[in-house]
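**Q** requesting a structural model of the entry that follows:
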Amino acid sequence: MATEPYRPVGRPTTRVLSPRRITDAAMRIVTQEGIGALTMTRLASSLRVTPAALYNHAASKRDILLWVQDRVMGSIDVAPLDEGPWFEGIVAWAVSYRETMSRYSSLIAPIAVMPIAGAPDTTRMYERVTLALERGGWPRRTIVPTIVAIESFVYGSAYDTRAPADIFDDAGDAPAFASAVAANAEAYGRTALADVAFEVGLEALVTGLARRAGVPLAHEPAPPGSRAVGRIAGVQVSSDTDDHDRVAG
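**A** Below you'll find the model as predicted:
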């Protein structure tokens, strides 16, 4: 009588695949090698499985990108949206959003056009932003355009963090611009351009969107150091005048 082949007992030597484990591996590839390196074959190799094993969990690479998107969005700090004035919360959210996307700049292009269906952390983030704006008095019809406008600015600003410090140095044939570059460097330092541009642009954008939406504005100076803007990377950006408009919370 033939004997049964030996089968080892106990836990398998290879961990069972799961969406979480697949996402962990995909995030490592994206972080270390960029989005271009993320293929089903490369991902399977990093997990020591066959590509066919991945398809038992994900119908396509798009599903894995959706999990990656949700992991990234879930790392954005949304807690300030539930605390204090809406302006401070939105600015703090945008600051965290930009810091997160600057770490994963190769993901900006796919995330910017990826539907949010099936991405619960992403959906929850948008819900928190919406509720913060509603509490601040924003008309509902203005909320989605506002979110998209801020995201567009955040994505561009995240790319800008990769620009070299000397990007505008060779501007000798444009004397007015060269003088402006020198003035910026004198005021903020040569390495702070991306942060200064983000801080100035973010405050102007959010304030302008509020005005356009008809959200009430207060005409009084902000107490020094009270704003979330102006404190990225230790750079303090002040307004040109002391009596600038301040968005009410």
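
**Q** residues making contact with stretch 87-104?
**A** 30-31, 72, 75-78, 80-83, 107-108, 111, 129, 132-133, 136, 150-151, 153-155, 157-158, 161-162, 198, 202-203, 206, 210, 227-229, 232, 247-249 (Cβ atoms under 8 Å, 6 or more residues apart in numbering). C-beta coordinates here come from the backbone N, C-alpha and C atoms, glycine included.

**Q** and the nearest residue to residue 74 once chain neighbours are set aside, how close does it get to residue 28?
**A** Once flanking residues are discounted, residue 74 sits nearest to residue 121: 3.5 Å by Cβ to Cβ, 6 or more residues apart in numbering. Counting by Cβ to Cβ, to the nearest Å, the gap from residue 121 to residue 28 is 19 Å.

**Q** what does residue 154 give?
**A** Relative to residue 28, residue 154 is positioned 24 Å away (Cβ to Cβ).

**Q** looking at these two, which has the bigger crowd around it?
**A** More crowded of residue 154 and residue 28, by other Cβ atoms under 10 Å: residue 154, with 25 against 13.

**Q** what is the strand or helix carrying the more buried one packed up against?
**A** Using DSSP states H and E, residue 154 sits in helix 140-160. Counting contacts by 3 or more Cβ pairs under 8 Å, 6 or more residues apart in numbering; DSSP states H and E, helix 140-160 packs against helix 86-103, helix 108-112, helix 120-135, helix 193-213.

**Q** to residue 59, which of these lies closest?
**A** Closest of the helices and strands packed on helix 140-160 to residue 59 is helix 108-112, at 16.7 Å (criterion: Cβ to Cβ).

**Q** the closest one - what's its average pLDDT?
**A** Helix 108-112 shows a mean pLDDT of 92.

**Q** and what of stretch 211-223?
**A** Here the average pLDDT along stretch 211-223 is 68.

**Q** what do you get for stretch 77-89?
**A** On average, stretch 77-89 scores 93.

**Q** can you show me the CA trace of it as PDB?
**A** The C-alpha coordinates for stretch 77-89 follow below in PDB (Å, rounded to 0.1, in the frame of the first residue of the first chain):
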ATOM      1  CA  ASP A  77      -3.500  64.900   9.400                       C
ATOM      2  CA  VAL A  78      -7.200  65.700   9.500                       C
ATOM      3  CA  ALA A  79      -7.600  66.200  13.300                       C
ATOM      4  CA  PRO A  80      -7.300  70.100  13.000                       C
ATOM      5  CA  LEU A  81     -10.400  70.100  10.900                       C
ATOM      6  CA  ASP A  82     -12.500  69.200  14.000                       C
ATOM      7  CA  GLU A  83     -10.900  71.800  16.200                       C
ATOM      8  CA  GLY A  84     -11.200  75.600  16.300                       C
ATOM      9  CA  PRO A  85     -11.900  78.000  13.400                       C
ATOM     10  CA  TRP A  86     -12.400  76.500   9.900                       C
ATOM     11  CA  PHE A  87      -9.600  78.700   8.500                       C
ATOM     12  CA  GLU A  88      -7.000  77.200  10.800                       C
ATOM     13  CA  GLY A  89      -8.200  73.700  10.200                       C
END
